[in-house]
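got a structure for you, letters missing:
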């Protein structure tokens with residue numbers, strides 16, 4: 001599975017789920033030499049602006065990474081510097097309900113990605129889900145994408161790795177959609 005397939009499903013999902021949406025692929029940022037690219041940058045209005053900064057990881061990225069630290073460094077760099085770039089802005093807003101930014105690190109539901117996450121589960125589980133970005137409440141989510149085959153008709157989903165369910169727990173196993181690509185990647189040989 002390639003990252004462009006993941007990006008396509010993410011774009012289809014946001015277009016189907018929201019009426020007022022801006023979607024930017026491979027959105028660059030640069031803050032005093034801290035350069036990078038958000039794989040997908042989405043702004044929805046509900047009615048206030050809510051942003052989704054998305055870092056996608058499929059087989060090739062996991063294969064070429066030196067490890068989880070490199071992947072987490074890219075993800076945290078995006079979160080840290082994206083809004084410091086003069087091209088992007090998020091404002092605090094009185095009365096905002098819920099987070100204004102969702103920083104997502106999303107893995108493909110493949111055997112290679114599952115093996116990578118299993119090997120480094122403690123690092124991915126340790127990512128604190130609550131933070132602020134430029135004074136705006138934000139949420140970090142490290143997760144596997146689910147329901148890829150049902151997008152855009154069905155809702156694209158994700159199964160969090162840094163939430164209340166530990167990766168190899170019974171609760172995590174029960175939360176995996178049966179018959180899904182993630183289930184096949186986790187237990188296809190069982």
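Sure, I can see it. Computed from a prediction, not measured in an experiment: that's the story for all the values here. Numbers count the residues shown, from 1 in each chain.

which of the three states applies to residue 79?
With DSSP: H, G, I helix; E, B strand; the rest coil as the basis, residue 79 sits in helix.

ok, it to residue 90 distance?
In this view, residue 79 and residue 90 are 12 Å apart by C-beta to C-beta, to the nearest Å. C-betas here are computed from N, CA, C, even on glycine.

what residues are shared contacts of these two?
Common neighbours of residue 79 and residue 90, using C-beta atoms under 8 Å, 6 or more residues apart in numbering, are residue 133.

what about the strands in this protein?
21-31, 34-45, 49-57, 101-107, 130-133, 136-146, 157-160 (DSSP state E).

can you say which of those strands is nearest to residue 188?
strand 136-146 (14.4 Å; C-beta to C-beta).

which strands border the closest one, and is each parallel or antiparallel?
Using DSSP bridges, the strands paired with strand 136-146 in its sheet are strand 101-107 (parallel), strand 130-133 (antiparallel), strand 157-160 (antiparallel).

what's the mean pLDDT across the longest one?
Spelled out, it's strand 101-107. On average, the pLDDT along strand 101-107 is 97.

again, but for stretch 58-69
94.

low pLDDT regions in the chain?
Along the chain, the model assigns pLDDT under 70 to residues 94, 150-154, 189-190.

let's see it at 50
By pLDDT under 50, the low-scoring segments of the chain are 190.

the spatially most central residue of the chain and residue 180, how far apart?
When C-alpha atoms, centre = their mean is applied to the chain, the residue found nearest the centroid is residue 104 (2.6 Å). Distance of residue 104 to residue 180, given as C-beta to C-beta: 19 Å.

residue 34 and residue 83 touch, don't they?
No - applying C-beta atoms under 8 Å as the test, residue 34 and residue 83 come out as separate, 11.8 Å apart.
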